[in-house]
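1. test case, fold it:
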Amino acid sequence: MNNYILLVARILLSFMFILSGFGKLADPAGTAGMITGAGLPAATALAYLAGLFELVTGLLVLVGFQTRLVGYALAAFCVFTGLVFHTGAVAVPGWPDAALGWINTLNQIMVMKNLTLAGAYLFLATFGPGAISIDARRGAQFATA
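-> Numbers count the residues shown, from 1 in each chain. Coordinates of the predicted model:
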């Protein structure tokens, strides 16, 4: 039964990154704008790289391949993006204070979501993807908890 629960958990943990990665690759403009706003260089290139990273790692989590490495990479990615893109006050010129308050509250929720996901990916990296995974079929020592 636990292996089926681990499979469902991997599906749920992969869903966001598969969709988000695909979206960034299809239309990187919004992500590039956030990257520019954070003061990072080469925003469009980084948006495509982030999209590719998210899509590939999401698919790897889904199938349970290289789970330890992918879990650590996604945990680091979640912490980095949470701290770089979702901390600090958002100030959009011309927007009413009520709208900015709502956006800032949403931004705080995004930080908490990212840090929570980092914990989930560390858990996955530590305990493995379960028996219904490519890692288990390959005999990876950490495939099952």
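2. in stretch 37-47, what counts as buried?
-> Neighbour-count burial for stretch 37-47 flags Ala43, Leu46, Ala47 (criterion: 16 or more other Cβ atoms under 10 Å). Quick note: C-beta positions are derived from backbone N, CA and C, even for glycine.
3. which one of those residues is nearest Phe127?
-> Leu46 (31.6 Å; Cβ to Cβ).
4. tell me the pLDDT of the closest one.
-> At Leu46, the predicted lDDT confidence score is 97.
5. with Phe142 instead?
-> Value for Phe142, per-residue pLDDT: 60.
6. count of residues packed around the spatially closest residue to Gly119 that is not a sequence neighbour?
-> Excluding the flanking residues, the one nearest Gly119 by Cβ to Cβ, 6 or more residues apart in numbering is Ala75, at 7.6 Å. Burial of Ala75 is recorded as 21 neighbouring residues (other Cβ atoms under 10 Å).
7. quick one: low-confidence ranges for this structure?
-> The chain contains residues with pLDDT under 70 at 140-145.
8. strands along this structure, start to end?
-> Here the chain has no strands by DSSP state E.
9. and for the nearest residue in space to Ala131 that is not next to it in sequence, the neighbour number?
-> Sequence neighbours aside, Asn3 is the residue nearest to Ala131 in space, at 4.3 Å (criterion: Cβ to Cβ, 6+ apart). Look at Asn3: counted by other Cβ under 10 Å, it has 16 neighbours.
10. and for Trp95?
-> Around Trp95 there are 12 residues (other Cβ under 10 Å).
11. quick one, what contacts it?
-> The contact partners of Trp95, by Cβ atoms under 8 Å, 6 or more residues apart in numbering, come to Ile103.
12. from Val111, how far out is it?
-> 20 Å (Cβ to Cβ, to the nearest Å).
13. longest single helix anywhere in this protein?
-> helix 97-127 (DSSP state H).
14. what packs against that one?
-> helix 2-26, helix 67-85 (3 or more Cβ pairs under 8 Å, 6 or more residues apart in numbering; DSSP states H and E).
15. quick one: buried residues of the first one?
-> Going by neighbour count (16+ other Cβ under 10 Å), the buried part of helix 2-26 is 3, 6-7, 9-10, 13-14, 17-18, 20-21, 24-25.
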